[in-house]
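For reference, the sequence and a predicted model appear below.
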Amino acid sequence: MMLKDKNIALYVTGGIAIYKVVDFMRTLIKKGAKVRVAMTKSATEFVTPLTFQILSQHEVHLDTFSEKDPEHVAHVDLADWTDIAVVAPATANTIAKMAAGFADNFVTSSLLATKQPLFIVPAMNTDMFNHEATQENIQTLKKRGAYVVEPDTGFLAEGYEGKGRYPENERIVEELEQFIISSTADLPLKGYKILVSAGGTKERIDPVRYITNDSSGKTGHAIAEAAYQKGAEVTLVTASELKAPQAIQTVRVDSAKEMYEAIDERFAETNILIMSAAVSDYGVAHTATSKMKKERDSETVSIELAENPDILKTMGQKKEQQFLVGFAAETDELEKYAQKKLQEKHLDMIVANEVGRADRGFNVDDNQVIIFTSDHDKIEIPKTSKKNIAHILIDKIVQELEIEE
């Protein structure tokens, strides 16, 4: 969502990692960005401009003196169009030119005319990267506000290991989104601390067995990302093994008791708590310290259960100015149980969803929910992706808190 409708000028310079930049550009486009490409002459020795032209569906800028539109100076026009400038791969040569303010080709001329944020992805031989001159140039660019991605350490084109390798595109995109968020002053949740829980808790029977449920944590993780993209400082307490962006503080837990402790510890400093996790109502009263053996003369086994802490109810009793959002996962009488939970647990909002169906709910990508608020609003969200639901929920929270976007 952070890249949607962003005007990204992609400046491609002459390094062997260019073949990876083709896929990077495609990822930007898939995420909704509008991409225009400019290449140095050296870059065209590795990948033809036609590749970028076909995939971006726009002319690739190469020559400073190729002015096809008499009403516009091409390199300045591109700079003015740009929301964020990305240099990938950034060679030692182009980094040096940028630091010194050179304007000797289309790329450096357009970059010198760019007032918008600058995002640089260095890729080069390890000795070139570690050279004092290159490091000083990078520091110069950072002092001017540019974001410089740290290269990977790995197998280089020269046939040996070292630092300077072009990073994986997944990491570059994640850091680019973080950079956009940090560079955007008017995001509605800037200054807010949001605590999100996710996943199905696990209640240990013995060291190798546990009781759990079908929750994947996809909804909670999507909510955490949506809140972060709105500018919030997000802490995710999760029982899921799903990955989360590095900018989101992630606390991994297993049991309901561990989740309670993690949330209770942070609740006083929290502005908004969103309890998306499917927390087990009961845990094993006496967890075995070694693997339980099958009883040969018995066809049944009894496991004593004890009630787990009701995290949401406890936080509802403790809340002062916090905004509380709960989830109700039900198999029948969905609205009745959701509204009852909303009142009994002193919530500001609850998200009700039907579980036990193959096409929605637990452990799938889509869901269909109803949002109820404490002032009797009811918002029905038809079946859609959990990522869409997360953004709708965060937007509704912003609306309820009367935050100007």
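That came in fine, so what should we check first? Numbers count the residues shown, from 1 in each chain.

List the buried residues for stretch 234-245?
By 16 or more other C-beta atoms under 10 Å, the buried positions in stretch 234-245 come out as 234, 235, 236, 237, 238, 239, 240, 244, 245. C-beta here means a position set from N, CA and C on the backbone, and glycine is covered the same way.

ok, now which ones touch the first one?
Contacts were defined as C-beta atoms under 8 Å, 6 or more residues apart in numbering; by that measure residue 234 touches 194, 195, 196, 224, 227, 228, 247, 248, 249.

for the fourth one, same thing?
By C-beta under 8 Å, 6+ apart, the contact set of residue 237 is 195, 196, 197, 198, 251, 253, 259, 262, 263, 266, 277.

do the fifth one as well
The neighbourhood of residue 238, defined by C-beta under 8 Å, 6+ apart, consists of 197, 198, 199, 217, 220, 221, 244, 250, 251, 252, 253, 277.

Among those, name the ones in helices.
Counted as lying in helices by DSSP state H, out of the contacts of residue 238, are 220, 221.

Only the buried members of the contacts of residue 238: can you turn that into a PyMOL selection?
Here is the PyMOL command that selects the buried residues among those (16+ other C-beta under 10 Å):
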select buried, resi 197+198+199+217+220+221+244+250+251+253+277
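
nearest to residue 341, of the contacts of residue 238?
residue 277 (14.4 Å; C-beta to C-beta).

Switch the contacts of residue 237 over to TSV, and while doing so, append pLDDT to every line.
Below are those laid out as TSV (pLDDT from 0 to 100):
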residue	pLDDT
195	97
196	97
197	96
198	95
251	97
253	96
259	96
262	96
263	96
266	96
277	93
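
In JSON lines, list those residues along with distance to residue 75.
Output for the contacts of residue 237, formatted as JSON lines (distance: C-beta to C-beta, whole Å):
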{"residue": "195", "distance to residue 75": "47"}
{"residue": "196", "distance to residue 75": "44"}
{"residue": "197", "distance to residue 75": "50"}
{"residue": "198", "distance to residue 75": "46"}
{"residue": "251", "distance to residue 75": "47"}
{"residue": "253", "distance to residue 75": "52"}
{"residue": "259", "distance to residue 75": "54"}
{"residue": "262", "distance to residue 75": "52"}
{"residue": "263", "distance to residue 75": "52"}
{"residue": "266", "distance to residue 75": "49"}
{"residue": "277", "distance to residue 75": "51"}
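
Out of those, which comes closest to residue 127?
residue 251 (40.4 Å).

residue contacts, that closest one?
235, 236, 237, 238, 262.

if you set the cut-off to 7 Å instead, what comes out?
235, 236, 237, 262 (C-beta atoms under 7 Å, 6 or more residues apart in numbering).

out of those residues, who's nearest residue 388?
When those are compared against residue 388 (criterion: C-beta to C-beta), the nearest one is residue 236, at 19.0 Å.

Work out the sheet partners of the strand or helix carrying that closest one and label each with its direction, please.
Residue 236 is part of strand 233-238, with elements assigned from DSSP states H and E. Paired neighbours of strand 233-238 in the sheet (DSSP bridges): strand 193-198 (parallel), strand 249-252 (parallel).

What lies in contact with stretch 121-129?
Contacts of stretch 121-129 (C-beta under 7 Å, 6+ apart): 15, 17, 87-92, 95, 134, 148-149, 151, 156, 158, 162-166, 172.

try 8 Å
15-17, 86-92, 95, 134-135, 138, 148-149, 151, 156-158, 162-167, 172.

Show me where this structure dips below the pLDDT cut-off.
Regions of the chain meeting the criterion pLDDT under 70 cover residues 1, 67, 296-297, 355-361, 363, 403-405.

what about 80?
1, 65-72, 293-300, 329-335, 354-364, 402-405 (pLDDT under 80).

where exactly do the strands run in the stretch 201-350 of the chain?
Secondary structure of the stretch 201-350 of the chain by DSSP state E, counting those that start in this stretch: the strands cover 203-206, 209-211, 233-238, 249-252, 272-275, 282-284, 305-307, 323-330, 349-354.

Now distance to residue 27 too, for the ones you listed, in TSV please.
Listed next are the strands of the stretch 201-350 of the chain as TSV, based on distance: least, C-beta to C-beta, whole Å:
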stretch	distance to residue 27
strand 203-206	39
strand 209-211	37
strand 233-238	23
strand 249-252	23
strand 272-275	28
strand 282-284	42
strand 305-307	47
strand 323-330	31
strand 349-354	30
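
Alright, that wraps it up for me.
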